[in-house]
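S.K.: Model the following, please.
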Amino acid sequence: MLLRILGTAAGGGLPQWNCACPGCAGARQAPSRRRLHDGLAVHGTDPHTWFLANATPDVAEQLESHPGLRPDTGQERTPVVRVVLTDAELDHTLGLLRLREASRIDVWCTSPVRLALTARLHLTDILSPYTTLTWHDLPIAGAGRPAGIAGLDVSALPLSPKRPRYAADEPAHPAWSVALLLRDPVTGARALYAPALAAWSDALGSEIARTDRVLIDGTFLDEDEPRRTGISRRTASAMGHLPVDGPEGTALRLQGTAAQVYYTHLNNTNPLADPGAPERERLAGLGLRVAEDRMVMSL
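M.R.: The predicted structure follows:
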């Protein structure tokens, strides 16, 4: 299994176009600190067959930045794009519109996510004149056989009933936001991808305990960051993201785990987005890391 990290920023990217916070200002001054929207490209045993974990507004730039994701030699176009969604948030789904040049787009997601994207955003109606958009059910872990996608077993672990703002009045459902559980049936390697984590669960802890590589929500460093920086009147967890630090943060839960853990989906206000931030040293002392754009992980 090969994981290509296409981006590591939360909604808006880094820098965010309408923001002059220290993180955004620093990224404008040092282009190496820029981060694209959070997303992955995942390969199985065949290096020419892959799928996207979420389709971000930056998807075209992200695909072009990895030679292994460009059309094969002798091919004029990439015929099929496979996308697996963790939720229906705009920063994880707007890239589907940008992929309209593909001959076919296959999308795996949970039922509430599909409802939001078809009934609220009308993606099928919009994309049908351009490409063939095919929807597939993303199996819930333990409730059926995983989906076979690009040679890997893929299933969803429900994390949160948090709905995107444009679908706030839709019915509650535990699988509005999920973690992707990835397993290589050949090697047995496992990875877990959870860019949005609103609450910790025993099921999540159990999955992490048997996983080799974890990419997890690092949106905010601490609970008060959104209020302190003025981006919201709510706390981090109230916005649907457990903070990294603090007594209820994920760092204390993840320290000592056998899996290699990387934080991703970093907000522009999060000091962890700065490679030179002292907050990173504390994480390193706990055996935890921060993911970077264009990292490639082989399991």
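
S.K.: quick one: low-confidence parts of the stretch 1-150 of the chain?
M.R.: Counting by pLDDT under 70, the ranges of the stretch 1-150 of the chain that qualify are 73-76.

S.K.: ok, the nearest residue in space to residue 24 that is not next to it in sequence - contacts?
M.R.: Closest residue in space to residue 24, ignoring its immediate chain neighbours: residue 15 at 3.6 Å, by CB to CB, 6 or more residues apart in numbering. (C-beta placed from N, C-alpha, C; glycine too.) Residue 15 makes contact with 23-25, 27-28, 34, 268, according to CB atoms under 8 Å, 6 or more residues apart in numbering.

S.K.: State the distance from residue 15 to residue 25.
M.R.: 7 Å (CB to CB, to the nearest Å).

S.K.: Spatially nearest residue to residue 89, not counting backbone neighbours?
M.R.: residue 164 (5.0 Å).

S.K.: what's the distance between the one you found and residue 206?
M.R.: From residue 164 to residue 206 the distance is 28 Å (CB to CB).

S.K.: Which one's more surrounded, those two?
M.R.: Set side by side, residue 164 and residue 206 show more neighbours around residue 164, with 22 against 11, by other CB atoms under 10 Å.

S.K.: Residue 93 versus that one, what's the distance?
M.R.: From residue 164 over to residue 93 (counting by CB to CB), the distance is 9 Å.

S.K.: likewise residue 242?
M.R.: With CB to CB as the criterion, residue 242 and residue 93 are 22 Å apart.

S.K.: Quick one: neighbours of residue 188, just the number.
M.R.: Residue 188, neighbours per other CB under 10 Å, totals 10.

S.K.: Three-state assignment for it, please.
M.R.: At residue 188 the chain is in coil, as set by DSSP: H, G, I helix; E, B strand; the rest coil.

S.K.: Now do it against residue 147, distance only.
M.R.: The gap separating residue 188 from residue 147 is 18 Å, by CB to CB.

S.K.: Equivalent analysis for residue 19, please.
M.R.: Noted for residue 19: a distance of 38 Å to residue 147, by CB to CB.

S.K.: For the strand ranked longest in the chain, output the C-alpha coordinates as PDB.
M.R.: Ranked by residue count and defined by DSSP state E, the top strand of the chain is strand 152-160. Extracted C-alpha coordinates of strand 152-160, given in PDB (Å, rounded to 0.1, in the frame of the first residue of the first chain):
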ATOM      1  CA  LEU A 152      -7.400  -2.600  -1.300                       C
ATOM      2  CA  ASP A 153     -10.100  -3.400   1.300                       C
ATOM      3  CA  VAL A 154     -11.800  -0.100   2.200                       C
ATOM      4  CA  SER A 155     -14.500   0.500   4.900                       C
ATOM      5  CA  ALA A 156     -15.800   3.300   7.000                       C
ATOM      6  CA  LEU A 157     -15.800   3.800  10.700                       C
ATOM      7  CA  PRO A 158     -18.500   6.200  11.800                       C
ATOM      8  CA  LEU A 159     -17.100   9.100  13.800                       C
ATOM      9  CA  SER A 160     -19.700  11.900  14.000                       C
END
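
S.K.: What's the mean pLDDT across that strand?
M.R.: In this model, strand 152-160 has an average pLDDT of 97.

S.K.: And the contacts of that strand?
M.R.: By CB under 8 Å, 6+ apart, strand 152-160 touches 1, 42, 44, 51, 84, 86, 108, 110, 138-141, 146-148, 174-185, 192, 194, 196-199, 201, 203-204, 207, 240.
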